[in-house]
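Participant: any chance you could fold what I've pasted below:
(chains A and B)
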2 protein chains.
Amino acid sequence: MNTQKVPHVVIVGAGFGGLEAAQKLAKAPVRITLIDRQNYHLFQPLLYQVAIAGLVPSQIAYPVRTIFRHQKNLTFQMGEVTAVDLDAHFIKINGSVIAYDYLILAVGGQTNFFNMKSVEQNGFQLKDIQSAVATRNHLFGMFEKASREADAAQRRALLTFVIVGGGPTGVETAGALAELIRHVLTKDYPHMDLHDVRVMLLEAADHLMGSYPNELRKATFDLLSRKNVEIMLNAKLTDYNGTRITLGDGRQIETQTLLWTAGVRAADLASRLGVKQAASGQVLTEETLQLPGHAEVFVIGDAAKPIQRDNQPLPMLATVAQQQAKAAAGNLQKMLKGGKPQAFHYKDPGLLATIGRNAAVARIGGLSFSGFVAWVIWVVLHIYRIIGFRNRLVVLINWAWDYVFYDSQVRLITGE
Amino acid sequence: MNTQKVPHVVIVGAGFGGLEAAQKLAKAPVRITLIDRQNYHLFQPLLYQVAIAGLVPSQIAYPVRTIFRHQKNLTFQMGEVTAVDLDAHFIKINGSVIAYDYLILAVGGQTNFFNMKSVEQNGFQLKDIQSAVATRNHLFGMFEKASREADAAQRRALLTFVIVGGGPTGVETAGALAELIRHVLTKDYPHMDLHDVRVMLLEAADHLMGSYPNELRKATFDLLSRKNVEIMLNAKLTDYNGTRITLGDGRQIETQTLLWTAGVRAADLASRLGVKQAASGQVLTEETLQLPGHAEVFVIGDAAKPIQRDNQPLPMLATVAQQQAKAAAGNLQKMLKGGKPQAFHYKDPGLLATIGRNAAVARIGGLSFSGFVAWVIWVVLHIYRIIGFRNRLVVLINWAWDYVFYDSQVRLITGE
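Facilitator: So this is what the prediction gives:
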């Protein structure tokens, strides 16, 4: 049959990279199998909003099958890839084997706890819908517990919320949580003493937002401080037993809430390939994004570390994954025609992070913005990037509502 | 202090009954403590919509604290009441004791499996947000599994969905599930053979909708059949091992999905009171809704069975709980003024159930409707009854969207 001759492209991961690669190959003369552990694509940059009850999961998750309803050359399979045989050209999934002619690994990242087992066990993280909902349930559970706690010291510990990591995720979460408490929860808990509530942001370096220019690091610090976030710089965490954080200099913080946003490393599958990896588990690739010695395998996104002439490591961002996906799909199509794959070059579109109501920091076209203008850019861009017109509409209504009424949508404690 | 003299009313349960009672006592000279295991009020009649991916939990759940932000005489406490001491007038919750002058028990119902352990263990139910989300995850998981199942018999079993119970919940779920599959899932699974998919509704009696008049039972049967729901009457379930249903007459159905909607009994707390209970665990009360021998305790809603002159048992419906709440709150206020509590009489506002797109059955003012008119009444009434203007707006947009585009919102498989 003819389908036997059509090259089979297997794409692992339906994150930003995998999705983009699959879409770019829509008209290519290939059969595509797209694989993901979940049946949905997750808009990861807004996951922290699920944790602070600003959005519900379905607003930032979209079924993969629906996205590809009209792409005839693609089949989706939900499942976990348990092994890749790079020499025999097949992967294992759901107990069966899928052979490939080309493989695009876009397996993404996971939280990097840097081997701190106590933090991994007792802390919270934002890696997927489950962990974000668990964080939300925990946050509101703390307020319920505090509302019936007579002991002042104990109540203060219940109402101390510590976020670790001064990068965009930590900063956005800290700002949003501080506002949720100030504008919404104070109305739900009229008897609660606001002085008991602390939102703390811990960062090991001597500045926030390491990847941003100096003036925006400073702006971030000021904007967060104004929202009553207590920022601790040079704070290196050494242990967390579930009720007490211990820092490197011996200082301690009593808290039942530690949200860890201080590191990302490549997904586990990267370690099972048996190939060279960088420090954070990223797979080293050629400039062309191909795996050395395996020209038919591309690795893109958070799990990849391509050789770059300028030796500058790329940030783990959606824009990087999407640009690499485009490059890998382009190289694959060149190879199909007998051509030669080309080196990938990242075009930096800028940096953007929100710090709550009316406040954000941005770096676009070499210019730094902060405050209201940056925030408007952030809102417009994020609504535009969410998949599905209905999701855009509903998120827009939600945010407008919250903005006008100082409200917040999903303050539910679901599950145990 | 003066607060010592103000009578303390404890209301257990923030369902329809508890909520209504608390609101009716807003201006009464009492202190109220409202208690619930969850931090939200759940709009139970639409819970099945969460299971079939039509709505997200936050659209039918509303934080109790937000509902009562402006009611100064009320405090909310989240927790499980573990004991009630009717003689000493206190309850136990979260390891501490709360004394009451008046107690309103509105603890609601739970699924009645009639001691069929195999069904309870292997079947699904719609009792709360968790069980509804678990049902949703399972339903969509079955489609994913079926999409990669080569064996035809096995695939057919994966795609056989059995709902047990021909009452309103079973009928509404079966109708909505059949439509979801026909209008939405067929588009997401273009390679799936529709003939493999079966939605079955099992009912032990020889008719559906036992509480409805004959012409509406018939209309329900016809409307559901037209939506390709296979209705089996006189079908008594005896066992379900997770893959196979066995009926009383020996017939068997291969399925991995059994949703049990065939019974409700009073919540467990009713059994821990040490008082007389009816067959389904309901607490027997006076005509005034007071507990015999305990004039200061009212029992209302699904957990109550008041003595009625006509001896007609009341349905387990929100409208009954709300009317009883009003009556109990009224009687309590009469007692505060030294008056005599009065007998409760249920005013039947009618019956209403939807059977999917454009189809519903209704009994209002002695008249029976079915089809499109009944469906419009259902939509308007349910949107009106949802708490929170934002929720109303968002549900309205959702339903309108689904209606126009034959779409459905939350086809996500979250959690394991």
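
Participant: how about the residues of the stretch 251-400 of chain A by chain B?
Facilitator: Counting by CB under 8 Å from any CB of the partner chain, the stretch 251-400 of chain A comes close to chain B at A:390, A:393-394, A:397-398. Heads up, the C-betas are built off the backbone N, CA and C, glycines and all.

Participant: between those, which sits nearest residue A:31?
Facilitator: residue A:390 (30.4 Å; CB to CB).

Participant: find me the pLDDT at the closest one, would you?
Facilitator: Residue-level confidence at residue A:390 comes out at 69, pLDDT.

Participant: give me the subset of the residues of the stretch 251-400 of chain A next to chain B lying in helices.
Facilitator: Secondary structure of these is defined by DSSP state H; positions in helices are A:390, A:393-394, A:397-398.

Participant: tally of neighbours for the closest residue to residue A:96 other than its chain neighbours?
Facilitator: By the measure of CB to CB, 6 or more residues apart in numbering or on different chains, the closest residue to residue A:96 outside its immediate chain neighbours is residue B:148, 7.7 Å from it. Residue B:148 sits with 15 neighbouring residues when counted by other CB atoms under 10 Å in any protein chain shown.

Participant: chain center to stretch A:402-412: distance?
Facilitator: In this view, stretch A:402-412 has its centroid 23 Å away from the chain centroid, taken as CA atoms, centre = their mean, to the nearest Å.

Participant: now the end-to-end length of that stretch.
Facilitator: Between the opening and closing residues of stretch A:402-412 there is a gap of 16 Å (CA to CA, to the nearest Å).

Participant: for it, what is the average pLDDT?
Facilitator: Average pLDDT, stretch A:402-412: 71.

Participant: circling back: can you name the two of the residues of the stretch 251-400 of chain A next to chain B that are farthest apart?
Facilitator: Spatial extent of these (CB to CB) is set by the pair A:390 and A:398 at 12.3 Å.

Participant: so what sits against both of these two?
Facilitator: Contact criterion CB atoms under 8 Å, 6 or more residues apart in numbering or on different chains; no residue bridges residue A:390 and residue A:398 by contacting each.

Participant: top of the ones in helices among the residues of the stretch 251-400 of chain A next to chain B by neighbour count?
Facilitator: Comparing those by number of neighbours (other CB under 10 Å), residue A:394 comes first, having 23 neighbours.

Participant: name the SS class of the nearest residue to that one once chain neighbours are set aside, please.
Facilitator: Of all residues not flanking residue A:394 in the chain, residue A:59 sits nearest, at 5.8 Å (CB to CB, 6+ apart). When states are read from DSSP: H, G, I helix; E, B strand; the rest coil, the local structure at residue A:59 comes out as helix.

Participant: who's in contact with residue A:59?
Facilitator: Taking CB under 8 Å, 6+ apart, we find residue A:59 in contact with A:386, A:391, A:394-395, A:398.

Participant: and the residues you listed, which is closest to chain B?
Facilitator: residue A:394 (6.3 Å; CB to the nearest CB).

Participant: can you give me the distance of the closest one to residue B:393?
Facilitator: Taken as CB to CB, to the nearest Å, the spacing of residue A:394 relative to residue B:393 amounts to 10 Å.

Participant: can you tell me what sits against stretch A:356-372?
Facilitator: Outside stretch A:356-372, the residues that touch it by CB under 8 Å, 6+ apart are A:175-176, A:178-179, A:183, A:209, A:212-213, A:215-216, A:219-220, A:223, A:227, A:349-355, A:373-375, A:377-378, A:403.

Participant: quote the end-to-end distance of that stretch.
Facilitator: Using CA to CA, one end of stretch A:356-372 lies 10 Å from the other.

Participant: list the buried residues for that stretch?
Facilitator: By neighbour count, with 16 or more other CB atoms under 10 Å in any protein chain shown as the criterion, the buried positions of stretch A:356-372 are A:356-357, A:359-363, A:368-371.

Participant: and the helices in the stretch 1-150 of chain A?
Facilitator: Per DSSP state H, counting those that start in this stretch, the stretch 1-150 of chain A carries helices over the ranges A:16-24, A:47-51, A:57-60, A:64-67, A:117-122, A:129-147.

Participant: separation between residue A:48 and residue A:135?
Facilitator: Where residue A:135 is concerned, residue A:48 sits at a distance of 9 Å (CB to CB).

Participant: got any ranges where chain A has weak pLDDT?
Facilitator: Scanning chain A for pLDDT under 70 picks out A:1-4, A:309, A:311, A:389-390, A:408-410, A:415-416.

Participant: doesn't residue A:270 lie inside a helix?
Facilitator: Yes. Inclusion of residue A:270 in a helix is indicated when three-state DSSP is applied.

Participant: for burial, what's the neighbour tally of it?
Facilitator: Using other CB under 10 Å: residue A:270 sits among 26 other residues.

Participant: what about the spatially most central residue of chain A, distance to chain B?
Facilitator: A centroid search over chain A (CA atoms, centre = their mean) returns residue A:44, at 4.3 Å, as the residue closest to the centre. Here residue A:44 is placed at a distance of 15 Å from chain B (CB to the nearest CB, to the nearest Å).

Participant: near chain B, which residues of the stretch 51-200 of chain A? Just list them.
Facilitator: Listed as neighbours of chain B in the stretch 51-200 of chain A under the rule CB under 8 Å from any CB: A:56-58, A:61, A:63, A:65-66, A:69, A:75, A:77-79, A:94, A:96, A:129-130, A:133, A:140, A:144, A:147-148, A:187-191.

Participant: give the buried subset of these as a ChimeraX selection command.
Facilitator: The following ChimeraX line selects those of these that are buried, judged by 16+ other CB under 10 Å:
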select /A:56,57,58,61,63,65,66,75,77,78,79,94,129,133,140,144,147,188,189
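
Participant: shouldn't residue A:128 be in contact with residue A:42?
Facilitator: Yes. If you go by CB atoms under 8 Å, residue A:128 and residue A:42 touch, sitting 6.9 Å apart.

Participant: compare those two (neighbour count), which wins?
Facilitator: residue A:42 (24 against 21).

Participant: quick one: residues contacting the more buried one.
Facilitator: Residue A:42 makes contact with A:15, A:60-61, A:128-129 under the criterion CB under 8 Å, 6+ apart.

Participant: and if you look at residue A:203?
Facilitator: Residues in contact with residue A:203, defined by CB under 8 Å, 6+ apart, are A:164-166, A:170, A:231-235.

Participant: quick one: it from residue A:374, how far?
Facilitator: 21 Å.
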